[in-house]
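Visitor: Next input, structure requested:
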Amino acid sequence: MRRVVFVKALMWSLALLAAAPASAEIRIMQSPGGQVGPFLDLFEKVRESGDRVVIDGPCLSACTLVLSIVPGERICVTKRAVLGFHAARSVDRSGRFYAEPEASEAVLQAYPGPVRNWISRHGGLSSRLLLLKGRELAAIYPRCR
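Guide: Next up is the predicted model:
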């Protein structure tokens, strides 16, 4: 079942790309995240396309990798935008999560400085989901017009 949810989330992300108008804008309206690899591939394509990214809702977990891949000057946020960060983790064969401290550190270092600083001020990456939104988010990324 977990795989079905992931596939649906990824297909939704790909549908956003496919439905994007020629005006070069990608809109993230709701992404719960998922496995890192497909998000890296997706956001690499967005970066290469030159498209602008509008974060217009929850962008959680692996979705936040967009901040590390797409240049910051091509990202804007709406009032509905929420970024959710947590430590990297994997799932063992019995379905239990376990921490991936080295991957967490690599991801943290890949985020832009202001995002890294915000995460550090809020206790760092852990199993707890940190939510960046509202004025704090608008202080880092511009509001979309």
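Visitor: Now for the residue of the chain positioned farthest from its centre, which secondary structure element holds it?
Guide: Residue farthest from the centre of the chain, counting by Cα atoms, centre = their mean, is S94 at 26.9 Å. Using DSSP states H and E, S94 sits in no helix or strand.
Visitor: and if you look at L132?
Guide: With DSSP H and E as criterion, L132 is part of strand 130-133.
Visitor: Tell me which other helices or strands that strand touches.
Guide: Other helices and strands packing on strand 130-133, by 3 or more Cβ pairs under 8 Å, 6 or more residues apart in numbering; DSSP states H and E, are strand 82-85, helix 113-121. Heads up, the C-betas are built off the backbone N, CA and C, glycines and all.
Visitor: any idea whether L108 is helix, strand or coil?
Guide: Classification of L108 by DSSP: H, G, I helix; E, B strand; the rest coil places it in helix.
Visitor: Who are the contact partners of it?
Guide: For L108, the contacting residues are R116, I119, G124, L125, by Cβ atoms under 8 Å, 6 or more residues apart in numbering.
Visitor: which of the residues in stretch 87-95 are buried?
Guide: The neighbour-count check on stretch 87-95 (16 or more other Cβ atoms under 10 Å) flags A87, A88 as buried.
Visitor: go on, stretch 47-67?
Guide: 47, 51-67.
Visitor: Of the residues you listed, which belong to strands?
Guide: Counting by DSSP state E, the buried residues of stretch 47-67 place R52, V53, V54, I55, P58, C59, L60 in strands.
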